[in-house]
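Engineer: show me the folded form of this:
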Amino acid sequence: MREAVKPFSVYHDGDDLIFTPESVGTRRMASIGPWNLGQRLGDDKPADKRLNLYVVVPGTQYRAPGKAEYDHNLVINKYTVDGKPRDWDIFWCFILDPTLKPDLRSERELLLGKHQRFRPPTLFEFKDIPSHALMAERLSLKSMADLRRFRRADGSLPRLLILPARLAVRATAEVRDVTTTQTAH
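Structural biologist: Modelled structure (predicted):
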(Lines give C-alpha, C1' and ligand atoms only; values in the text may rest on other atoms or scores of the structure.)
Protein backbone atom coordinates (compact mmCIF):
# COMPACT_ATOMS: atom_id res chain seq x y z
CA MET A 1 0.00 0.00 0.00
CA ARG A 2 1.11 3.52 -0.70
CA GLU A 3 1.50 5.82 2.27
CA ALA A 4 -0.61 8.94 1.77
CA VAL A 5 0.56 12.24 3.21
CA LYS A 6 -2.10 14.61 4.46
CA PRO A 7 -2.15 18.16 3.08
CA PHE A 8 -0.35 20.69 5.27
CA SER A 9 0.16 24.44 5.52
CA VAL A 10 3.00 26.32 3.84
CA TYR A 11 3.78 30.02 3.54
CA HIS A 12 4.04 31.95 0.29
CA ASP A 13 4.85 35.66 0.65
CA GLY A 14 3.38 35.52 4.16
CA ASP A 15 0.10 33.90 3.08
CA ASP A 16 -0.94 30.51 4.43
CA LEU A 17 -1.49 28.00 1.59
CA ILE A 18 -2.30 24.29 1.40
CA PHE A 19 0.44 21.97 0.14
CA THR A 20 -0.90 18.58 -1.01
CA PRO A 21 1.76 15.93 -1.72
CA GLU A 22 1.06 13.40 -4.47
CA SER A 23 1.98 9.74 -4.39
CA VAL A 24 4.85 8.95 -6.78
CA GLY A 25 5.20 5.24 -5.99
CA THR A 26 8.70 5.29 -4.47
CA ARG A 27 7.56 4.57 -0.89
CA ARG A 28 10.57 6.60 0.33
CA MET A 29 9.50 9.61 2.34
CA ALA A 30 11.04 13.06 2.56
CA SER A 31 10.71 13.99 6.22
CA ILE A 32 11.83 16.26 9.01
CA GLY A 33 11.43 14.80 12.49
CA PRO A 34 7.89 13.45 12.85
CA TRP A 35 6.60 15.23 9.70
CA ASN A 36 6.40 13.70 6.24
CA LEU A 37 6.67 16.13 3.34
CA GLY A 38 5.71 13.60 0.68
CA GLN A 39 7.11 10.65 -1.23
CA ARG A 40 10.56 11.33 -2.62
CA LEU A 41 11.01 11.53 -6.36
CA GLY A 42 13.58 9.20 -7.90
CA ASP A 43 15.86 12.08 -8.96
CA ASP A 44 16.97 14.03 -5.89
CA LYS A 45 19.37 16.40 -7.66
CA PRO A 46 18.04 19.98 -7.67
CA ALA A 47 16.66 21.03 -11.07
CA ASP A 48 15.89 24.54 -12.34
CA LYS A 49 12.52 23.43 -13.71
CA ARG A 50 11.28 22.51 -10.21
CA LEU A 51 9.66 24.83 -7.71
CA ASN A 52 11.22 25.33 -4.25
CA LEU A 53 10.03 24.15 -0.85
CA TYR A 54 12.15 25.62 1.95
CA VAL A 55 12.38 24.02 5.41
CA VAL A 56 13.32 26.90 7.74
CA VAL A 57 14.91 25.83 11.03
CA PRO A 58 14.03 26.93 13.63
CA GLY A 59 10.51 28.10 12.97
CA THR A 60 7.22 28.65 14.73
CA GLN A 61 4.78 27.06 12.26
CA TYR A 62 5.42 23.39 13.16
CA ARG A 63 6.56 22.45 16.65
CA ALA A 64 7.55 19.01 17.87
CA PRO A 65 6.71 18.46 21.55
CA GLY A 66 9.93 17.65 23.39
CA LYS A 67 12.01 17.91 20.17
CA ALA A 68 12.58 21.62 19.60
CA GLU A 69 15.38 20.87 17.11
CA TYR A 70 12.64 19.96 14.58
CA ASP A 71 10.62 23.19 14.97
CA HIS A 72 10.33 24.71 11.51
CA ASN A 73 8.44 26.79 8.96
CA LEU A 74 7.68 25.66 5.42
CA VAL A 75 7.96 28.30 2.69
CA ILE A 76 7.36 27.93 -1.05
CA ASN A 77 8.49 30.20 -3.87
CA LYS A 78 5.36 29.81 -6.07
CA TYR A 79 1.98 28.18 -5.94
CA THR A 80 0.14 26.11 -8.50
CA VAL A 81 -2.76 27.79 -10.28
CA ASP A 82 -3.97 25.04 -12.55
CA GLY A 83 -4.42 22.33 -9.89
CA LYS A 84 -1.84 20.13 -11.60
CA PRO A 85 0.90 18.63 -9.40
CA ARG A 86 4.40 20.03 -9.83
CA ASP A 87 7.80 18.81 -8.69
CA TRP A 88 9.44 20.63 -5.76
CA ASP A 89 13.08 20.65 -4.70
CA ILE A 90 13.48 20.82 -0.93
CA PHE A 91 16.05 23.19 0.57
CA TRP A 92 17.31 23.39 4.15
CA CYS A 93 17.33 26.92 5.55
CA PHE A 94 19.39 26.95 8.74
CA ILE A 95 19.32 30.11 10.84
CA LEU A 96 22.86 30.80 12.09
CA ASP A 97 22.36 34.26 13.64
CA PRO A 98 20.49 34.07 16.98
CA THR A 99 19.11 37.60 16.40
CA LEU A 100 17.33 36.60 13.16
CA LYS A 101 13.62 36.10 13.81
CA PRO A 102 12.54 32.45 13.57
CA ASP A 103 9.23 33.21 11.84
CA LEU A 104 10.35 33.71 8.23
CA ARG A 105 7.40 33.36 5.82
CA SER A 106 8.57 34.33 2.34
CA GLU A 107 11.31 33.48 -0.12
CA ARG A 108 12.29 37.15 -0.13
CA GLU A 109 12.96 37.07 3.64
CA LEU A 110 15.01 33.90 3.18
CA LEU A 111 17.13 35.38 0.41
CA LEU A 112 17.72 38.56 2.43
CA GLY A 113 18.86 36.46 5.40
CA LYS A 114 21.19 34.48 3.15
CA HIS A 115 22.87 37.63 1.82
CA GLN A 116 23.08 39.50 5.13
CA ARG A 117 26.12 38.79 7.28
CA PHE A 118 26.85 38.71 11.00
CA ARG A 119 30.06 38.42 12.93
CA PRO A 120 29.82 35.85 15.75
CA PRO A 121 31.08 37.22 19.10
CA THR A 122 34.38 35.92 20.46
CA LEU A 123 32.82 33.37 22.85
CA PHE A 124 30.19 32.23 20.32
CA GLU A 125 29.97 28.42 20.19
CA PHE A 126 28.34 26.05 17.71
CA LYS A 127 25.58 25.27 20.22
CA ASP A 128 24.65 29.01 20.15
CA ILE A 129 23.45 28.60 16.55
CA PRO A 130 19.64 28.25 16.65
CA SER A 131 19.65 25.38 14.13
CA HIS A 132 22.76 23.57 15.41
CA ALA A 133 21.07 20.23 16.23
CA LEU A 134 19.52 19.70 12.80
CA MET A 135 22.68 20.95 11.06
CA ALA A 136 24.61 18.24 12.91
CA GLU A 137 22.02 15.60 12.01
CA ARG A 138 21.55 16.49 8.34
CA LEU A 139 24.94 17.96 7.33
CA SER A 140 27.35 16.52 9.92
CA LEU A 141 28.36 20.08 10.89
CA LYS A 142 29.27 19.97 14.57
CA SER A 143 31.67 22.83 15.31
CA MET A 144 32.45 26.40 14.36
CA ALA A 145 35.43 25.06 12.40
CA ASP A 146 32.99 23.07 10.22
CA LEU A 147 31.46 26.41 9.12
CA ARG A 148 34.79 27.61 7.69
CA ARG A 149 33.60 27.20 4.07
CA PHE A 150 30.73 29.64 4.69
CA ARG A 151 32.89 32.38 6.28
CA ARG A 152 34.18 35.44 4.50
CA ALA A 153 37.73 36.72 4.95
CA ASP A 154 36.48 39.19 7.59
CA GLY A 155 35.18 36.27 9.72
CA SER A 156 31.50 36.97 9.07
CA LEU A 157 28.91 34.30 8.36
CA PRO A 158 25.58 34.48 6.55
CA ARG A 159 22.66 34.99 8.91
CA LEU A 160 20.96 32.06 7.17
CA LEU A 161 22.29 29.11 5.17
CA ILE A 162 20.21 27.82 2.23
CA LEU A 163 21.40 24.42 1.06
CA PRO A 164 19.84 21.73 -1.16
CA ALA A 165 18.40 18.87 0.88
CA ARG A 166 18.78 16.58 -2.15
CA LEU A 167 15.13 15.66 -1.76
CA ALA A 168 12.27 16.33 -4.14
CA VAL A 169 8.52 15.72 -3.93
CA ARG A 170 5.48 16.16 -6.20
CA ALA A 171 2.58 18.24 -4.91
CA THR A 172 0.09 21.03 -5.50
CA ALA A 173 0.14 24.27 -3.52
CA GLU A 174 -3.07 26.24 -3.55
CA VAL A 175 -4.74 29.12 -1.80
CA ARG A 176 -6.99 27.96 1.02
CA ASP A 177 -10.69 27.77 0.21
CA VAL A 178 -12.02 30.55 2.38
CA THR A 179 -15.60 30.64 1.17
CA THR A 180 -17.81 32.09 3.83
CA THR A 181 -21.52 31.80 4.08
CA GLN A 182 -23.40 34.92 4.93
CA THR A 183 -26.83 34.81 6.45
CA ALA A 184 -29.45 37.44 5.71
CA HIS A 185 -30.43 39.62 8.63
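Engineer: all contacts plus neighbour counts: C-alpha atoms, from now on.
Structural biologist: OK.
Engineer: what about the nearest residue to Ile95 once chain neighbours are set aside, how many residues nearby?
Structural biologist: Leaving aside its chain neighbours, Ile95 sits nearest to Leu160 (4.5 Å; criterion: C-alpha to C-alpha, 6 or more residues apart in numbering). Residues near Leu160, counting by other C-alpha atoms under 10 Å, number 25.
Engineer: likewise for Ala133?
Structural biologist: Neighbour tally, Ala133, other C-alpha under 10 Å: 19.
Engineer: just the one 5 residues further on next, same as before
Structural biologist: Counted with other C-alpha under 10 Å, the burial measure for Arg138 works out to 11 neighbours.
Engineer: what does it show for phi and psi?
Structural biologist: Main-chain dihedrals, Arg138, degrees, to the nearest 10: phi -90, psi -30.
Engineer: what segments of this protein are strands?
Structural biologist: 8-12, 15-21, 29-32, 35-39, 51-57, 73-76, 86-95, 117-118, 157-158, 160-175 (DSSP state E).
Engineer: same list (those strands) but as TSV, adding mean pLDDT and distance to Ala136.
Structural biologist: Compiled in TSV, the strands of the chain are given as follows (pLDDT from 0 to 100; distance: least, C-alpha to C-alpha, whole Å):
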stretch	mean pLDDT	distance to Ala136
strand 8-12	96	25
strand 15-21	95	27
strand 29-32	91	14
strand 35-39	92	19
strand 51-57	97	12
strand 73-76	97	19
strand 86-95	96	11
strand 117-118	96	21
strand 157-158	97	17
strand 160-175	94	14
